[in-house]
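[1] The sequence isn't on hand, but the structure is:
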DNA sequence: TTGTACGCGTTATCAC
DNA sequence: GTGATAACGCGTACAA
């Protein structure tokens, strides 16, 4: 009986290693290492280096980052914490981060925390176990002590989309105050005077800075900020926008415009207004924030403040790479300018006094 | 002068290793390894194992996956290739994958290929260099030889959202034919007879299977499939939907319903119809496919076929884990059922003959 | 300029 | 049942 010739384990493509290259190039593995690493290439003879490079090329050598990481204690990997990739805000941010990191041979590890501090800790621990070299997080709350711990442990951290009050961490965010000013000035120019603001949680920089921006812009327009016209939701969701708008309608029906904390909250306002028999923009004008995808497709198309999300992600990655290279120096906070996008949800204030 | 006591490099938290645990537990590092690894725990004395576990716990020991990977040649990492996370189709799929992989201590590495075969190769190579244990890809075209190469090299591959014609690779997809049947039967029930189909590329399973489903359902309804009423776009985008719909309108204006290849293409139809002075659903009914986020917010709200994207991602991850454990056996193709969601873009066919 | 030797943290394979 | 040892692939002092 003739036994079939076994081929060993299925994994045919056993990787080519430094040693293989050395053998082909006729040098010592250490020399190959030096020749292939940009920083140490100067230490090796030009011709030798070229021979090594050719050998590596012809063999299709790819350094094994696992082995390298074990030695250098770096993984060329970056942890990215976001609340939920399913929230339309984050895909462009993540895309910006990934594109920029990829150029620098870093790989992002993305985790969704669902804004659950406990889950955040778990994800963070898992990433540290995987030896990530640094973090980008979009989940910053005002209690960010654990982030400072990371920094103290030598791991650079950059905040994206949100910042922290005390400026203790580098961040890339939209210019929330500018954005709110653009929103307010727009509806003021349309003749609105009684303007409401239904925003997000104050513990998030995006919540409180937009609130500040709203208040400042109203003041500058010579308009009062009335408590009854200002609400703060527990989350940046359509559901919370809906709840807040219903509360507002129950308390006061004299307002003619709402500046929402973000586009999702604006959507909730659409719903509450519709239920109350009010039409947007005929009865009430609404402005969103973010200009998330499909905001132009809503009914009515949403007037909103455009935030350059991709660019925010890209710059956050840049800032992180900068701090991986040199983490000294004070943390920078980069604010990217926003832009008002006028669509169908805003219109001149109804004439004939209050509605 | 009293010199400050230096603390060494900034990185305070030097990781605790297997050896540290061994020292505390009073055993050899190898024993610690055995005690901590579930599969080898049986080899070690119960009491010893417990002592080791306690020591590990008290020291806060976290195994270093880099070192482990170097030894075991596995990274507990999975490559996920998608066209673009910015396409609303993919976030829920990716989320499903991530959630399921996380439970099994695997980490996804996701890359965006932009449907560019060249970029796909680059990403794939980068992931192989990072020693990923397996792949999930949503980028399958009909030329998938290189995917079979991966399989031959011992790397399990699972397709998500798309399949391949010949069934040579495991896949988790929506039941595209069922979905199209649901769409067609809905408009037929509304009295439509001249029904168009503007679909995606035929090289993608999502394109040709939906086309097949459309043709089959029309046949079963006793309706002809006319060439002039069927279009195939180069991509699944609003832009292509718009282009196709314009071409359709130029060639024939007798149709009263369009079954689009997906929701984005349906959106393009909205635009083309609007430009032509036709209203949806009064003049033309439109059905989408996917029920992507915010489809209910469009104007009009889109009647569409709901696809369980999160579940598709989750099951793809399950299937992959299954094949990582045992890659023998024929590739399974799991088709998840779809569901019709009726909204405002479909209405009874206009009476009085053709429009 | 290049080679030698060692170690990163873990696990597989021996021996005891 | 446990300890000793080698090895995974690479980078880097140090020697030559």
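    Sure thing, it's come through. Source: prediction; values computed, not measured.

[2] could you pull out the helices for the stretch 51-200 of chain A?
    Secondary structure of the stretch 51-200 of chain A (DSSP state H, counting those that start in this stretch): helices located at A:65-72, A:90-103, A:117-129, A:145-152, A:176-189.

[3] can you pull the buried residues of the second one?
    Using 16 or more other C-beta atoms under 10 Å in any protein chain shown as the test for burial, helix A:90-103 gives A:90-98, A:100-102. Backbone N, C-alpha and C define where each C-beta goes, glycine included.

[4] Ok, the last one next?
    With burial defined by 16+ other C-beta under 10 Å, the residues of helix A:176-189 counted as buried are A:176-184, A:186-188.

[5] nearest to residue B:273, of those?
    Residue B:273 has its nearest neighbour among these in residue A:186, at 30.8 Å by C-beta to C-beta.

[6] contacting residues for that closest one?
    Neighbouring residues of residue A:186 by C-beta atoms under 8 Å, 6 or more residues apart in numbering or on different chains: A:287, A:303, A:340, A:342, A:346.

[7] hang on, isn't the fourth one packed against residue A:303?
    Translated: residue A:342. Yes - assessed by C-beta atoms under 8 Å, residue A:342 is found in contact with residue A:303 at 5.2 Å.

[8] Pick out whichever of the two has more residues nearby.
    The residue with more neighbours, out of residue A:342 and residue A:303, is residue A:303; 26 against 12, by other C-beta atoms under 10 Å in any protein chain shown.

[9] So what's the residue count around the nearest residue to the more buried one once chain neighbours are set aside?
    Leaving out its chain neighbours, the residue that sits closest to residue A:303 by C-beta to C-beta, 6 or more residues apart in numbering or on different chains is residue A:346, at 4.2 Å. By other C-beta under 10 Å, the residues close to residue A:346 number 26.

[10] I'd like to know how far residue A:346 sits from residue A:284.
    10 Å (C-beta to C-beta, to the nearest Å).

[11] what touches both of these two?
    In contact with both residue A:346 and residue A:284: residue A:257, using C-beta under 8 Å, 6+ apart.

[12] On the pLDDT front, check residue A:69 for me.
    Confidence at residue A:69, expressed as pLDDT, is 88.

[13] just checking, residue A:155 touches residue A:136?
    No - with contact defined as C-beta under 8 Å, residue A:155 does not count as touching residue A:136 (11.3 Å).

[14] of those two, who's got more company?
    Neighbours around residue A:155 and residue A:136, counted as other C-beta under 10 Å, are more numerous at residue A:136. The numbers are 27 against 23.

[15] What residues does residue A:93 make contact with?
    Contacts of residue A:93 (C-beta under 8 Å, 6+ apart): A:82, A:138, A:160-161, A:309-310, A:312-313, A:316.

[16] From these, pick the one nearest DNA strand D.
    residue A:316 (27.1 Å; C-beta to the nearest atom of the strand).

[17] Contacts only, for that closest one.
    A:93, A:96-97, A:136, A:158-160, A:171-172.

[18] ok, residue A:36 to residue A:43 distance?
    For residue A:36, the distance to residue A:43 - C-beta to C-beta - is 12 Å.

[19] Near DNA strand D, which residues of the stretch 1-150 of chain A are found?
    For the stretch 1-150 of chain A, the residues in contact with DNA strand D (C-beta under 7 Å from any atom of the strand) are A:15, A:17-19, A:29-30, A:33-34, A:36-37, A:40, A:63-64, A:67-68, A:70-72.

[20] low-scoring pLDDT stretches of the stretch 201-350 of chain A, where are they?
    Counting by pLDDT under 70, not a single residue of the stretch 201-350 of chain A qualifies.

[21] residues touching the residue of it found nearest chain B, list them.
    The stretch 201-350 of chain A approaches chain B most closely through residue A:299 (3.7 Å), counting by C-beta to the nearest C-beta. By C-beta under 8 Å, 6+ apart, the contact list for residue A:299 reads A:270, B:297-301.

[22] Check the burial of residue A:194 by counting its neighbours.
    Residues near residue A:194, counting by other C-beta under 10 Å: 17.

[23] That one against residue A:256, yeah?
    Yes - counting by C-beta under 8 Å, residue A:194 touches residue A:256, with 5.7 Å between them.
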